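J.: Provided below are the primary sequence and the corresponding predicted coordinates.
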Number of protein chains: 2
Amino acid sequence: MAVTLALVNDYEVVVQGLASMLRAYEGRVHVVELDMEQAVSVPVDIALYDTFAAPQGDQAQLHDLAADPMVGKAVVYSWNMDASLVEAALANGAQGYISKGLPASQLVLALEEIRAGTGRIYPAAGRDLTSAGDWPGRHEGLTQREAEVLSLITQGLSNAEIADRTHLSINTVKSYIRSGYRRIGVDNRTQAVLWGVSHGFLPDRGRITRAYTESP
Amino acid sequence: MAVTLALVNDYEVVVQGLASMLRAYEGRVHVVELDMEQAVSVPVDIALYDTFAAPQGDQAQLHDLAADPMVGKAVVYSWNMDASLVEAALANGAQGYISKGLPASQLVLALEEIRAGTGRIYPAAGRDLTSAGDWPGRHEGLTQREAEVLSLITQGLSNAEIADRTHLSINTVKSYIRSGYRRIGVDNRTQAVLWGVSHGFLPDRGRITRAYTESP
DNA sequence: CGTCTTCCCACCCGCAGGGGTGGTTTTTTC
DNA sequence: GAAAAAACCACCCCTGCGGGTGGGAAGACG
C-alpha cells in the first residue's frame, strides 16, 4: 500500500518540484497535498517538511506539524545532517530525518521504512547534487543554497539571522550572497530584495490537493 | 477659457491628489489626463510635472516632456526652488516652475499666467504645509518628504543617489530615513523595501483620461 | 507667545554588509 | 587524471547605513 504524503514548504516551486520528483514512484508514494503556509487538511501517513528557507526541525513549526492529528508522522527533509540538529528535531516530534542528498529512489525507500517504523535517520553518503527537485531561481542559474539564502534575504532576514536559521557560518552565508548577487546581477541587498520580490522569492500561500483512490 | 492640463508623475496617488486639489477650480483649470510612466496622449496647454520621487527638472524626463508635440508648455512642480536648479530646468525646456509650497489658489493663478506667457517662476513665500494633495503613505502618517525618500528607497536607490536625486544633503536624507522608519515601524532598509512594496511605493504605470467639453 | 510640526542640515560613532583573498571535500564531466 | 561545480569555511578591509546628538526657519494652533 502506498505511503500517503503531504509536502510542506512555503515555496510552491519547491513542493511542486518534490512532487514531480516522486511522480515516477506513484505506486509506492502518493502525494496527497502540497501545503504552503497552510495546515495539512486530510489525514496522511507522512508530512514531509522541506527546510528550504524555513525554520529547521528543532523549531516550533515542525513541532506543530508533528502534533497535528492529520499527520501520521512528521519527517524532516534537509541538507543539514548535523547530529545535534537531527537529535533536536527527533526530540521535537519528528519521526524521521532524511538528507536532501539522497536520490529519489532512496528517498522513497526511506519514506516507506519510516512509515513502517523500521528506520528514522537517512543521511546521504555524499551529496547528490544532480537530484531533481526545484527551487526559486533555478532557471536563473542559482544553486539551491544561493537560492535559499536569497529567499531568506527577501523575507527580510539579516546575515546573522540567516546564518542562525540555516545553521551555517556567517562566512558561508556571505559567500552565498556574493556568488548569488553575481549570478542575478545585483550589487546590494535592496536590489536583491526587489529582484527576489519580482522573481517568486516571497513565500507562497495556499494548498494544492490531489485526488487519491486506492488501486483496486 | 480653462487651462487644459495633464498631470505627470509615476505615482497614481500623487496625480490623483493633485487632481482632487484642482477640482475646486474646474472652470479655470481642467485636468484632461493623469499620466504615470506614459506619454501625454492628447494636446494640452500645460503638462504639470510633479517631481515627487522623480528626476528633477534638469533631467532627460522633463526635456522629453517639453519636446512632446502634445504638450503646449511643460511646467515643473517641486519643493526644490534653488535658483540654479530652476535655471537648469528652464534651460532644459521647462516654461514654468512652481513651488509645492503654494496653496491651490495660487497654483491655479500660476498655471494661468504661465499659459498666457506672463510669468514663469513661482516660489512660495514660505511653506504651506497644509496644502492638499496626496502621496503614498499619507494615511500611515508619513510626511511628503519622508514618503518621497521611502519611495526612492523602494525604487532601489542608495542614500547618496537619493541625495543627488532630491538635491538634499546626505544628512537630510538620513534624517528622513530615521523619522520615516520610526513612523512605519521598520528597523532597516530591507524591511523598509518590503513595507514599501506592499504599501504602494513602487511606481505605477498607466493613464487616466477625462472627458473634456468646453462650457457653452 | 509657546509649542508642535515639517523641511533642512551638521556631526559622532559602531557595525552590518559586501568587496576581496584563500582553502577543503565531494561529485560530475571530458 | 584534470577541470569544473557546489557546499562549506576562514580572514582582511572598507564603507554604506543607521543609531545617536544637536541646530535653524517657517507655519499652524491654542
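T.: Thanks, I have it. Predicted model only: the values in this text are computed from it and were never measured. Numbers count the residues shown, from 1 in each chain, chains lettered A, B, ... in the order given.

J.: Show me which positions of the longest helix seen in chain A end up buried.
T.: If you go by DSSP state H, chain A has its longest helix at helix A:170-184. Going by neighbour count (16 or more other Cβ atoms under 10 Å in any protein chain shown), the buried part of helix A:170-184 is A:V173, A:Y176, A:I177, A:G180, A:Y181, A:R183, A:I184. Any C-beta I mention is one placed from the backbone N, CA and C, and that applies to glycine too.

J.: who does the helix or strand following it touch, helix- and strand-wise?
T.: The first helix or strand that comes after helix A:170-184 along the chain, using DSSP states H and E, is helix A:189-198. Counting contacts by 3 or more Cβ pairs under 8 Å, 6 or more residues apart in numbering or on different chains; DSSP states H and E, helix A:189-198 packs against helix A:144-154, helix A:170-184, helix B:189-198.

J.: Can you name the residues in contact with the first one?
T.: With contact meaning Cβ atoms under 8 Å, 6 or more residues apart in numbering or on different chains, helix A:144-154 is reached by A:11, A:52-53, A:79, A:100, A:135-138, A:142, A:161-162, A:165-166, A:173, A:176-177, A:179-180, A:183-184, A:189, A:192-193, A:196-197, A:201-203, B:190.

J.: One more pass at 7 Å, please.
T.: A:11, A:52-53, A:135-138, A:142, A:162, A:165-166, A:173, A:176-177, A:179-180, A:183, A:189, A:192-193, A:196-197, A:201-202 (Cβ atoms under 7 Å, 6 or more residues apart in numbering or on different chains).

J.: rewinding a little: tell me which strands and helices the longest helix of chain A is in contact with?
T.: helix A:144-154, helix A:159-166 (3 or more Cβ pairs under 7 Å, 6 or more residues apart in numbering or on different chains; DSSP states H and E).

J.: at 8 Å what do you get?
T.: helix A:144-154, helix A:159-166, helix A:189-198.

J.: and B:A66, which of those is closest to it?
T.: helix A:189-198 (30.6 Å; Cβ to Cβ).

J.: Send me the closest one as CSV with only the CA atoms.
T.: Provided in CSV are the C-alpha atoms of helix A:189-198 (Å, rounded to 0.1, in the frame of the first residue of the first chain):
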residue,chain,number,x,y,z
ARG,A,189,20.7,44.0,-0.7
THR,A,190,17.9,46.4,-1.7
GLN,A,191,18.3,45.4,-5.4
ALA,A,192,18.4,41.8,-4.3
VAL,A,193,15.2,42.1,-2.4
LEU,A,194,13.5,43.8,-5.3
TRP,A,195,14.8,41.1,-7.6
GLY,A,196,13.5,38.5,-5.3
VAL,A,197,10.1,40.0,-4.9
SER,A,198,9.7,40.0,-8.7
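
J.: from the chain's centre, how far out does stretch A:19-27 sit?
T.: 16 Å (Cα atoms, centre = their mean, to the nearest Å).

J.: Need the distance between the two termini of it.
T.: Terminal residues of stretch A:19-27 lie 13 Å apart, using Cα to Cα, to the nearest Å.

J.: And the contacts of that stretch?
T.: A:2, A:5, A:7, A:29, A:31, A:34, A:104-105, A:107-108, A:131-134, A:215.

J.: Weed out the non-buried ones from the residues you listed.
T.: A:A2, A:L5, A:L7, A:V29, A:V31, A:L34, A:A104, A:L107, A:V108, A:S131, A:G133, A:D134.

J.: pLDDT score assigned to the fifth one?
T.: The confidence metric pLDDT takes the value 88 at A:V31.

J.: returning to that earlier point: sort out which of the contacts of stretch A:19-27 are in strands and list them.
T.: A:L5, A:L7, A:V29, A:V31, A:L34 (DSSP state E).

J.: My guess is A:A47 contacts A:L65. True?
T.: Yes - A:A47 is within contact range of A:L65, at 5.5 Å (criterion: Cβ atoms under 8 Å).

J.: got any residues that touch both of these two?
T.: By Cβ under 8 Å, 6+ apart, the residues touching both A:A47 and A:L65 are A:V8, A:V40, A:V71, A:A74.

J.: Now do the same contact list for A:G93.
T.: Contacts of A:G93 (Cβ under 8 Å, 6+ apart): A:L62, A:H63, A:L65, A:A66, A:A67, A:A74.

J.: picking that back up, now rank the shared contacts of A:A47 and A:L65 by neighbours and give me the top one.
T.: A:V8 (29 neighbours; other Cβ atoms under 10 Å in any protein chain shown).

J.: what's the pLDDT at that residue?
T.: On the pLDDT scale, A:V8 gets 91.
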